[in-house]
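> sequence first, then the predicted structure:
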Amino acid sequence: MSTVTALRSRHLLGIADLDPGEIELILETALAMKEIGTRPIKKVPTLRGRTVINLFFESSTRTRMSFELAEKRLSADTLGMTIAGSSVAKGETLVDTARTLEAMAPDMIVIRHGASGAPHQLARSCRASIINAGDGMHEHPTQALLDALTMQEHKGRLRGLRVAIVGDLLHSRVLRSNALLLTRMGATVIACGPPTLVPPGLDRLGVRTTTSIDAALDGADVVMMLRVQHERMHGLFLPSVREYFTLFGLTPARLERAAADVIVMHPGPMNRGVEIDSAVADGPWSVILDQVANGVAVRMAVLYLLAGGEAEEGT
Amino acid sequence: MKLLLKHVHLVDPAASRNGEFDILIEGDRIAGIGRGLPVGDARVVELPRGLIVTPGLIDMHVHLREPGQEHKETIATGTASAVAGGFTAVACMPNTDPINDSASVTQFIVKRATEAALARVYPIGAVSVGSKGEQLAEIGDLHAAGCVAITDDGRPVSSALLVRRALEYASMFDMPLIEHCEDPSLKGDGVAHEGPVGGSLGLRGIPGAAESIMAERDISVAEMTGGHVHIAHMSARQSVRAVQTGKSRGIKVTCEVTPHHFTLTDEALAERGGYDTNLKMNPPLREPVDVAAIIEGLRDGSIDVIATDHAPHHADEKALEFDRAPFGIVGLETAVSLCFDRLVHRGVIGLPRLVELLAVNPARVLRVPGGTLVEGGPADITVLAPDAQVTVHTASFRSRSKNSPFDGWTLRGGVAATIVGGRVVYINDAVTGAGALRSTQR
């Protein structure tokens, strides 16, 4: 059990700000929240009277719906704002947007933004708690937390796990948050991708990098496949889908190098036949749908803990 | 009117002076420099020990934003900022709106500078029409109107052929070509130095080679043409090496660095909550090894000039996401303090070398008067206070813009007073004894 009983910050901007005790606290809380999802009436009054704004500057289906469901299960009042592109498109600065929202007195703002650091900038000018739902190429902390919960459920631990993360490492906030979380919790992370898609500084995070998927999969307990955007498939990053799948695609044959009880994860949405063979995506190794279910529980936990971890009276 | 600065410590390396001298100013000119000059009918000013008198400092790389972007800066506010920073002259970049690619824009700038009557302003003209990199601007006309150099600063001259023709053509007027070195394809849509820090913050990278590749190309073209290329705001260790190699082969290449590039590294981007848009500039803050190479270049003489790349932006523009905020910071009012604190007091360079970097060499690169005090020459003088404790308050900057990452920093060394053409145009009342110059203000 975690000896930590509360989060130090009132924001969740990134895994970089969490210590191992806080990560454990969120995961334990998420397990309790998960139970709520199994009840016939999947709603508790924990956040009754609290307002949460979902501010999405980038299109997102699964993350936005997952947050909305988490908020509703906790009885928060929620409103969503999807702004295509950036506030700039409307001639408004990010700080203006923040002030406008502040005037509505929300307790929390969930933000997804295409620019790295946008939630951090918002946090400097807002009284509300800011939850980062993905910023540019930087972090996606709730994704890493739901991934960790999924690994823990299937493997019983994080410490000592060998986790291979394969795909577009350069543009991936999922990689960055997972690398921070997993190394912090004592797992070994091996990142694999073409050299054109490897960001500088992964070694500083304690991550080993390889261009050989076979080397990455060798003895892996967990394989996490990252999406490769179609627009990066033709041109200067990669020559073709065909060659990418040949070099980096996850197939049942390749999986034989991994541990016998390996699990396969994907943050979604998947490109079948690009980074992952359908036989793997739908096979016995896949825990991809568990990830989705755990997403709601982890987001409930984060909302609850950032609200002060106090259940409303009478619950 | 005559003014005699008596027993002042003058540091004027171009005249091999470093010691106690009297300086006689008559009208807008220096009438005499020596020891024990007769007082005659001059008003005598004595300055406290510890203050240093130098030839007027020259910032050869500033953006005054007028015409066209007066919400960021005007020639009046920019030159007020300059004299508060100890600069008696500035050279202003042509990326205004409209671009300074014609004599009429140059004349407008000169007229505005005359009206402001603070620092001298040397306009720099565009290399190409609209700085589009296609067709040579009327460089002869620009020269006749008062431009002292050409550049398409803000962007590189992307075609090697245009660099060649510009160097050849400008040699007719003895004007240098100032290059903003950046390979557009390598820079891409980068917003920060490509390295571990930018990588961990998820910021798209600009590698050091984006700068040095262009610097190497320009040095090769300078060799071919015999023209003078000046590399602006150099940030990468590879560029320092390229300039050193070029100089050793006798090629006419000079270069400048900014105070922020020798003071800060990209590590600052992760501090204090991260993503401070006042740390976003182009070229970006680089790694400690790059800063070390720049400091070594300042020490060993391979870097010629310190210039600020003073780039005012309105607070609203800097309030955007890091990806979208404009590049650049203001620098005129912090340059001298950063030079003292980071270079002089840390033993990197001495006072004569400081004056070379801030006055002698900028005058030589631009072929403008100043850089040294000579009898009959303009009385442009800066009085420095090497030991003043200076705390930076961006709110009290004379510049119209406050986009500086140094707000709240306390630095050792500053400016006591600035004299342009015999007129005391700036006195820093926080410096003891600087007020002695006050009664000479007209």
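Cool, got the structure. Everything numeric in this text was worked out from a predicted model, so none of it was measured. Residues are numbered from 1 along each chain as shown, chains lettered A, B, ... in the order given.

> CA atoms for contacts and neighbours, from now on please.
Noted.

> ok, the nearest residue to B:Asp341 once chain neighbours are set aside - contacts?
Excluding its sequence neighbours, the residue lying closest to B:Asp341 (C-alpha to C-alpha, 6 or more residues apart in numbering or on different chains) is B:Arg412, at 5.2 Å. For B:Arg412, the contacting residues are B:Ser337, B:Phe340, B:Asp341, B:His345, B:Pro386, B:Asp387, B:Ala388, B:Gln389, B:Val390, by C-alpha atoms under 8 Å, 6 or more residues apart in numbering or on different chains.

> try it again at 6 Å.
B:Arg412 makes contact with B:Asp341, B:Asp387, B:Ala388, B:Gln389, according to C-alpha atoms under 6 Å, 6 or more residues apart in numbering or on different chains.

> name the SS class of the last one, please.
Using DSSP: H, G, I helix; E, B strand; the rest coil, the secondary structure recorded for B:Gln389 is strand.

> any idea how far the residue nearest to it when sequence neighbours are not counted is from B:Met281?
In this structure, B:Gln389 finds its nearest non-sequential neighbour in B:Arg412, 4.8 Å apart by C-alpha to C-alpha, 6+ apart. B:Arg412 is 25 Å from B:Met281, where distance means C-alpha to C-alpha, to the nearest Å.

> B:Thr77 versus A:Pro239, what's the distance?
A:Pro239 is 52 Å from B:Thr77, by C-alpha to C-alpha.

> more neighbours, the two?
It is B:Thr77, of A:Pro239 and B:Thr77, that has more neighbours when counted by other C-alpha atoms under 10 Å in any protein chain shown, with 19 against 12.

> B:Phe397 is in contact with that one, correct?
No: taking contacts as C-alpha atoms under 6 Å, B:Thr77 lies outside contact range of B:Phe397: 9.6 Å.

> show me where the stretch 301-442 of chain B has its strands.
B:305-306, B:381-391, B:410-420, B:423-427 (DSSP state E, counting those that start in this stretch).

> any idea of the mean pLDDT in the second one?
Going back to what we said before, that points to strand B:381-391. For strand B:381-391, the mean pLDDT works out to 98.

> what does it contact?
Contact with strand B:381-391 is made by B:51-56, B:86, B:409-419, as judged by C-alpha under 6 Å, 6+ apart.

> let me know the secondary structure of A:Ile109.
Under three-state DSSP, A:Ile109 falls in the strand class.

> burial count for it?
29.

> which ones are touching it?
Contacts of A:Ile109 by C-alpha under 6 Å, 6+ apart are A:Val52, A:Ile53, A:Asn54, A:Ile130.

> at 7 Å what do you get?
A:Val52, A:Ile53, A:Asn54, A:Leu55, A:Ala128, A:Ser129, A:Ile130, A:Ile131 (C-alpha atoms under 7 Å, 6 or more residues apart in numbering or on different chains).

> pull out the buried residues from the residues you listed.
A:Val52, A:Ile53, A:Asn54, A:Leu55, A:Ala128, A:Ser129, A:Ile130, A:Ile131 (16 or more other C-alpha atoms under 10 Å in any protein chain shown).

> ok, so of these, who is nearest chain B?
A:Ile130 (13.2 Å; C-alpha to the nearest C-alpha).

> against chain B, how distant is A:Arg285?
No Arg there; residue A:285 is Trp. 31 Å (C-alpha to the nearest C-alpha, to the nearest Å).

> repeat for A:Arg227
Distance, A:Arg227 to chain B, using C-alpha to the nearest C-alpha: 17 Å.

> now that residue, what's its secondary structure?
coil.

> could you do the one 10 residues further on as well?
Taking three-state DSSP as the rule, one finds A:Phe237 in the coil state.

> helix, strand or coil for the nearest residue to it once chain neighbours are set aside?
Among residues not flanking A:Phe237 along the chain, A:Thr196 sits closest, at 5.5 Å (C-alpha to C-alpha, 6+ apart). Classification of A:Thr196 using three-state DSSP returns helix.

> how far away is A:Thr196 from chain B?
A:Thr196 is 13 Å from chain B, by C-alpha to the nearest C-alpha.

> burial measure for that residue, as a count.
Per other C-alpha under 10 Å, the neighbour tally for A:Thr196 reads 12.

> let me know the pLDDT of B:Glu287.
Looking at B:Glu287, its pLDDT is 97.

> show me the contacts for the closest residue to it other than its chain neighbours.
Nearest residue to B:Glu287 in three dimensions, chain neighbours excluded: B:Thr265, at 5.4 Å (C-alpha to C-alpha, 6+ apart). Shown in contact with B:Thr265 (C-alpha under 7 Å, 6+ apart): B:Leu285, B:Arg286, B:Glu287, B:Pro288.

> find the helix or strand that the second one is a member of.
It stands for B:Arg286. Following DSSP states H and E, there is no helix or strand that holds B:Arg286.

> could you list the low-pLDDT ranges of the stretch 201-315 of chain A?
Within the stretch 201-315 of chain A, the segments meeting pLDDT under 70 span A:309-315.

> quick one: residues contacting the closest residue to chain B within it.
Chain B sits closest to A:Gly201 of the stretch 201-315 of chain A, with a gap of 3.8 Å, by C-alpha to the nearest C-alpha. Listed by C-alpha under 7 Å, 6+ apart, the contact set of A:Gly201 reads B:Gly195, B:Pro196, B:Gly199, B:Ser200.

> can you redo those as a markdown table with distance to chain A, neighbour count and pLDDT?
Formatted as a markdown table, the contacts of A:Gly201 follow (distance: C-alpha to the nearest C-alpha, whole Å; neighbours: other C-alpha atoms under 10 Å in any protein chain shown; pLDDT from 0 to 100):
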| residue | distance to chain A | neighbour count | pLDDT |
| --- | --- | --- | --- |
| B:Gly195 | 5 | 20 | 96 |
| B:Pro196 | 4 | 20 | 95 |
| B:Gly199 | 5 | 23 | 94 |
| B:Ser200 | 7 | 23 | 93 |
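
> give me the subset of those that lies in helices.
Taking DSSP state H, the ones among these that sit in helices are B:Pro196, B:Gly199, B:Ser200.

> any idea which element the closest residue to A:Leu197 other than its chain neighbours lies in?
Counting by C-alpha to C-alpha, 6+ apart, A:Leu197 lies nearest to A:Leu170, which is 4.7 Å off, once chain neighbours are set aside. Taking DSSP H and E as the definition, A:Leu170 sits outside all helices and strands.

> kindly report the same for A:Asn54.
Using DSSP H and E, A:Asn54 sits in strand A:51-56.

> next, format the contacts of A:Ile109 as TSV and append distance to B:Asn361.
TSV is the format used below for the contacts of A:Ile109 (distance: C-alpha to C-alpha, whole Å):
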residue	distance to B:Asn361
A:Val52	59
A:Ile53	57
A:Asn54	56
A:Leu55	53
A:Ala128	53
A:Ser129	53
A:Ile130	51
A:Ile131	52
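
> what is the neighbour count of A:Ala260?
By the measure other C-alpha under 10 Å, the count of residues near A:Ala260 is 12.
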